[in-house]
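Engineer: Provided below for reference: sequence and predicted model.
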Amino acid sequence: MRTWFNEIWQRRDLVAYLVRTDLKIIYQDKLLGFLWTLLDPLFMMLVYIVLVVYIFKQGGPQYPVLLFSVLLVWEWFSYSLAGSVSIISSKAKLIQVVFFPKAVLPLSRVLVGLVNLLFGLIVLIPMLFLFEAKFSWNLFWMPVLLLIQFLFTLGGAFLVATFGVYFRDLENILSFVLRMWFYLSPALYSISSNIPYWLRVIYILNPFAALFESYKNILVLGLPPNRYLWVAAILALITAWLGILVIQRKESDFAKDA
């Protein structure tokens, strides 16, 4: 596995090239540029605000910024997985004639999603001031949360990229799974809401339950991360390890199977 990591590192220029190319494709010749990446979470936020605040009379004065903060990080995850599921099969002709570690393809997709998230902070930071977020030393937990999510997202991207070569219906299935996953995570509501105890147990095993709550806590509420963040960290490490193991063992077959 050390040799595999060395190969990825030696191809870091290729990873950087793929990231730059994808960003140019996304932003080049578009009037609003990178703002297009913010329109989806912004429109989703507006729809959910109308639904939750004005129709169901829930939420609170900081609900918009709490919601937008988790929509940004969820966009990173969903963009990375949705884009990785067919990224190897779509490059079938390339990988048949050029040798390179196939893991750089989903890796570049995850990094593009991370760059989009960083652009999203341009909108999030003013919102934090507008909605009177409580700034504290807990903000220094942000790199830890990003690292946990990066590992979990990267492992998931490796898995769906590999399985997507052999199961072409995975793209449609994943779209449904991601939608349900979001609604079952505490994005529109708080994990401390009045929900059944058995459902809270399920949330503990959902890494985005702890991650969403942790992002809300450190960015808006001035609180430490969710107490179950350690569970999310363990699941992220396991997912990353499984993803690396699977794509490492199967990438030699991609040239003939893709």
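Structural biologist: Arrived safely. Residues are numbered from 1 along each chain as shown.
Engineer: Nearest spatial neighbour of residue 112, chain-adjacent residues omitted?
Structural biologist: residue 22 (4.7 Å; C-beta to C-beta, 6 or more residues apart in numbering). Where C-beta positions appear, they are placed from N, C-alpha and C, glycine not excepted.
Engineer: mind listing the helices for the stretch 1-150 of the chain?
Structural biologist: Taking DSSP state H, counting those that start in this stretch, the helices of the stretch 1-150 of the chain run over residues 2-10, 12-27, 36-49, 63-84, 92-97, 104-130, 142-166.
Engineer: Residue 179 is nearest to which of those helices?
Structural biologist: helix 63-84 (8.8 Å; C-beta to C-beta).
Engineer: And the closest one, what does it pack against?
Structural biologist: Applying 3 or more C-beta pairs under 8 Å, 6 or more residues apart in numbering; DSSP states H and E, we find helix 63-84 packed against helix 36-49, helix 104-130, helix 142-166, helix 170-183, helix 207-216.
Engineer: so the last one versus helix 63-84, what angle?
Structural biologist: To tie it back to what came earlier, the one meant is helix 207-216. Following axes from the mean of the first three to the mean of the last three C-alpha atoms, to 10 degrees, one obtains 140 degrees for the angle between helix 207-216 and helix 63-84.
Engineer: Could you do the longest one as well?
Structural biologist: Computed by the same axes, to 10 degrees, the angle separating helix 104-130 from helix 63-84 equals 170 degrees.
Engineer: Quick check: buried residues in helix 104-130?
Structural biologist: Of all the residues in helix 104-130, those buried under the rule 16 or more other C-beta atoms under 10 Å are 104-117, 119-120, 124, 127-128.
Engineer: For residue 224, which of the helices of the stretch 1-150 of the chain is the nearest?
Structural biologist: Closest among the helices of the stretch 1-150 of the chain, once you apply C-beta to C-beta, is helix 142-166, at 11.0 Å.
Engineer: Can you give me the distance of residue 71 to residue 40?
Structural biologist: 8 Å (C-beta to C-beta, to the nearest Å).
Engineer: more neighbours, the two?
Structural biologist: residue 71 (23 against 13; other C-beta atoms under 10 Å).
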